[in-house]
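Trainee: what's the 3D shape of this:
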Amino acid sequence: MSIDIKQFHDLILVPTMNSVSLYSKESCQLIIGTGCQESQFTFLHQEGNGPALGFFQCESLTYRNIINDVFLHDINLKQRFLSTLGYEMMPDFSFLVWNLKLACLVCRLHYHRIQEKIPCDLPGQAAYYKKYYNTILGKATTEEYIENFNKHASHIWTD
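Mentor: Residues are numbered from 1 along each chain as shown. Below is the predicted model:
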């Protein structure tokens, strides 16, 4: 069983991205695609008892690297991030399991660190995900990403 991805997009993702001034249609599509690929918006803990948590399957070291990279260089973004979450300090890594805003923000911050613009088309986003999120060492393929996106989320964007 998975969540309703359209509701997740409309009620959690978009307002969260707007609250930190990081909204774009392309970034939201990429985040949704990442969740479709990584967990099918079903698994909160990596299958096979792996270390990754949340719909976007983030690992502890990656979590710390993202936070340190971004917040070291942008104190205003850090303040918006913490304010959106209602925290004074960074929440524990384990919060990715239940705090959907945090999971969205961490996924977005991962992509925010990349200089290359997020592509507007699904094949481009699949390649971007593979290169920057799953990496050459990961098992995912661009074909899988496209298949999972189409299976779980293509209905969200009809234009």
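
Trainee: okay, and the residue positioned nearest the centre of the chain sits in which element?
Mentor: Nearest to the geometric centre of the chain sits residue 107, at 2.9 Å (Cα atoms, centre = their mean). Assigned by DSSP states H and E, residue 107 falls within helix 100-112.

Trainee: so which other helices or strands are in contact with that helix?
Mentor: helix 14-19, helix 25-38, helix 60-73, helix 75-85 (3 or more Cβ pairs under 8 Å, 6 or more residues apart in numbering; DSSP states H and E). Just so you know, the C-beta spots here come from the backbone N, C-alpha and C atoms, and that holds for glycine as well.

Trainee: mind listing what's buried in the third one?
Mentor: If you call a residue buried by 16 or more other Cβ atoms under 10 Å, then helix 60-73 has these buried ones: 62, 63, 66, 67, 70, 71.

Trainee: which residues are contacting it?
Mentor: By Cβ atoms under 8 Å, 6 or more residues apart in numbering, the surrounding residues in contact with helix 60-73 are 51, 58, 77-78, 81, 90, 93, 96, 106, 109-110, 112-113.
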